[in-house]
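Chemist: what follows is a predicted protein model with its sequence.
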Amino acid sequence: MTVRDRRSRPVVAIVGAGFGGLWAAKALRDAPVDVLMIDRRNFHTFYPLLYQLAAAELEPQSVAYPVRSIFRNQHNVRFLLADVERVEPTANTLHTSEGPVRYDYLILTPGSTTNYFGIPGAAEHAWPLRTLEDGMALRDHILSRFEAAAREPDPERRAKMLTFLIVGGGPTGVEFAGALSELIVGPLQKDYRELDLHEVSVVLIEQGPRILSSYPARLSDWAARRLAKLTVDLRLGEAVEAVEPDGVVLRGGERLLADTVVWVAGVRGDPAMDAWGLPLGRSGRVVVEPTLQVENAPNIFVVGDAAVLPDQPLPLVAQVAIQQGKTAAANIKALLSGQPCRAFRYRNLGDMAVIGRGAAVFSRGALQLTGFLAWILWAAVHIFNLIGFRNRLVVLATWAVEYLTFERGSRLLRTPGAAARLVSAR
Ligand SMILES: Cc1cc2nc3c(=O)[nH]c(=O)nc-3n(C[C@H](O)[C@H](O)[C@H](O)COP(=O)(O)OP(=O)(O)OC[C@H]3O[C@@H](n4cnc5c(N)ncnc54)[C@H](O)[C@@H]3O)c2cc1C
């Protein structure tokens, strides 16, 4: 597609309708450019609530929103559903599954993918939680394990079906462990009367000495106590050495048997970017200049999880992507008007993680909060940042109902047969 042929204004192509891409496009609303947003999915995913999808708290449509609807009223944005396969900086061209796309400026924000750190069997046998599709598949798998356990007479096989190992004690692992445990001790306990819920175990495995290692120690300890209260078995200082079809092997040789291993231990740049001809650094992410430009390609910007700034180590969180998206857009405007680009500086608005119903930790500078107050803050921030008025309303109402009733509405097993097949295939 030769976009330039039909238009006289410069074309800014944005690859990825994630946090970085959306905020970059919004920041270009009044710029004299045409924005072409490209994504392989036709929706934006709100990852911070993905664990609630996997734990049957929310429906997929509550954590995703169609890209075209987001830009319905921004007339300089068009959307192309396509997979970007390669960048050709010398020809200002993107090669996509739908043909070549010419650009004048390019913002790459393709996010990241699960990092298995080369652990044998992890990619084959563990369940990732990185995309909307992962969240739905994991939810179906978990529900299918309860159905299978309900008809399994052998106690050892039943125990394996009801053991859920979560590898990685960062925010996603902690939030998912809490939500899964509450799903079990809440609605599933009532619905599966034939099962003894004492047979169920949720185990969180973290190789470091504490969970939420990037948070202040006091908050990590509080979160660990709270998870213990939710009957999550914390295995700290334990590294997974291999993942097998029926569980994991820990360093030291101990075997934990389980039908379900969830891998949330880290992320890396998408290996597909290896072929994009851009300078890659640590974890397969693109090395950028302080202005977020790629060296020797000043019209290409990389932002969000996919970018690495050599002298500014940053967390892989939505706020970084959002702020970088805005900076990349501001720098494109600067280039258009002959001004110098400005260097990116991250402003940390705070770190937060939720640990089950009505409890969270929050830290910003010297301010540290735990418990209900932190949860209210967490809920407000997430509702505010969720895309789409309908989603905000639905999520708020769902949380209110679930908070009051201890129920989880999103428990329909969509494809029971397929879930069982997935178990044997993975
Ligand atoms: C389970 C989970 C929980 C998280 N929780 C939090 C949290 O609580 N708070 C927080 O701040 N951060 C959280 N994060 C991190 C946060 O979501 C990321 O840092 C953020 O999404 C990065 O934004 P991005 O724009 O770089 O990429 P993304 O938001 O990942 O968007 C990338 C987009 O690019 C598209 N894409 C990728 N490759 C191609 C291609 N080749 N062609 C076309 N399209 C492509 C994808 O489909 C996607 O839409 C979480 C992440 C996960 C996975």
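Modeler: Nice, thanks for sending it over. Numbering: from 1, shown residues only.
Chemist: with adjacent residues omitted, what lies nearest to residue 172?
Modeler: Distances taken as Cβ to Cβ, 6 or more residues apart in numbering place residue 264 nearest to residue 172, at 4.5 Å, with adjacent residues excluded. In short, each C-beta sits where N, CA and C put it, glycine included.
Chemist: hang on, the one you found packs against residue 171?
Modeler: No: the pair residue 264 and residue 171 fails to qualify as a contact (Cβ atoms under 8 Å) at a distance of 9.0 Å.
Chemist: for whichever residue of the stretch 151-300 of the chain sits closest to the ligand, what are phi and psi?
Modeler: With Cβ to the nearest ligand atom as the measure, residue 172 is the residue of the stretch 151-300 of the chain nearest to the ligand, at 4.5 Å. The phi and psi torsions at residue 172 (degrees, to the nearest 10) take the values phi -60, psi -40.
Chemist: wait, what's in contact with it?
Modeler: Counting by Cβ atoms under 8 Å, 6 or more residues apart in numbering, residue 172 makes contact with 50, 51, 129, 264.
Chemist: near the ligand, from those residues?
Modeler: 50, 51, 129 (Cβ under 6 Å from any ligand atom).
Chemist: out of everything not next to it in sequence, what's closest to the last one?
Modeler: Closest residue to residue 129 apart from its sequence neighbours, by Cβ to Cβ, 6+ apart: residue 264 at 5.4 Å.
Chemist: what residues does the stretch 301-426 of the chain have near the ligand?
Modeler: Residues of the stretch 301-426 of the chain lying near the ligand (Cβ under 6 Å from any ligand atom): 304, 305, 306, 316, 317, 318, 319, 321.
Chemist: quick check: which element contains residue 400?
Modeler: helix 389-405 (DSSP states H and E).
Chemist: who's in contact with that helix?
Modeler: If you take Cβ under 8 Å, 6+ apart as the criterion, helix 389-405 is touched by 46, 49, 57-59, 61-63, 65, 357-358, 379, 382-383, 386, 407-409.
Chemist: mind redoing it with 6 Å?
Modeler: With contacts defined as Cβ atoms under 6 Å, 6 or more residues apart in numbering, helix 389-405 is touched by 62, 383, 386.
Chemist: top of these by neighbour count?
Modeler: Among those, residue 62 has the most neighbours (other Cβ atoms under 10 Å), with 23 neighbours.
Chemist: need the contact list for it.
Modeler: Taking Cβ under 6 Å, 6+ apart, we find residue 62 in contact with 391, 394, 395.
Chemist: on that earlier part again, what pLDDT is listed against the residue nearest to residue 172?
Modeler: For residue 264, the pLDDT comes out at 97.
Chemist: go on, residue 356?
Modeler: pLDDT recorded at residue 356 is 88.
Chemist: same question, residue 365
Modeler: Taking residue 365 on its own, its pLDDT is 88.
Chemist: show me the protein divided up by domain.
Modeler: Domains of the chain are assigned by automatic domain parsing as 3-40+82-112+269-336, 122-267+411-425.
Chemist: how about the residues of the stretch 51-200 of the chain near the ligand?
Modeler: Neighbours of the ligand within the stretch 51-200 of the chain, by Cβ under 6 Å from any ligand atom: 51, 83, 84, 109, 110, 111, 129, 130, 171, 172.
Chemist: buried among those residues? Make that a PyMOL selection.
Modeler: To isolate the buried members of those in PyMOL, using 16 or more other Cβ atoms under 10 Å:
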select buried, resi 51+84+109+110+111+129+130+171+172
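Chemist: could I get the residues of the stretch 51-200 of the chain next to the ligand as a markdown table with secondary structure and pLDDT?
Modeler: Output for those, formatted as a markdown table (DSSP: H, G, I helix; E, B strand; the rest coil; pLDDT from 0 to 100):
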| residue | secondary structure | pLDDT |
| --- | --- | --- |
| 51 | helix | 95 |
| 83 | coil | 96 |
| 84 | strand | 95 |
| 109 | coil | 97 |
| 110 | coil | 96 |
| 111 | coil | 96 |
| 129 | coil | 96 |
| 130 | coil | 95 |
| 171 | helix | 96 |
| 172 | helix | 96 |
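Chemist: thank you, goodbye.
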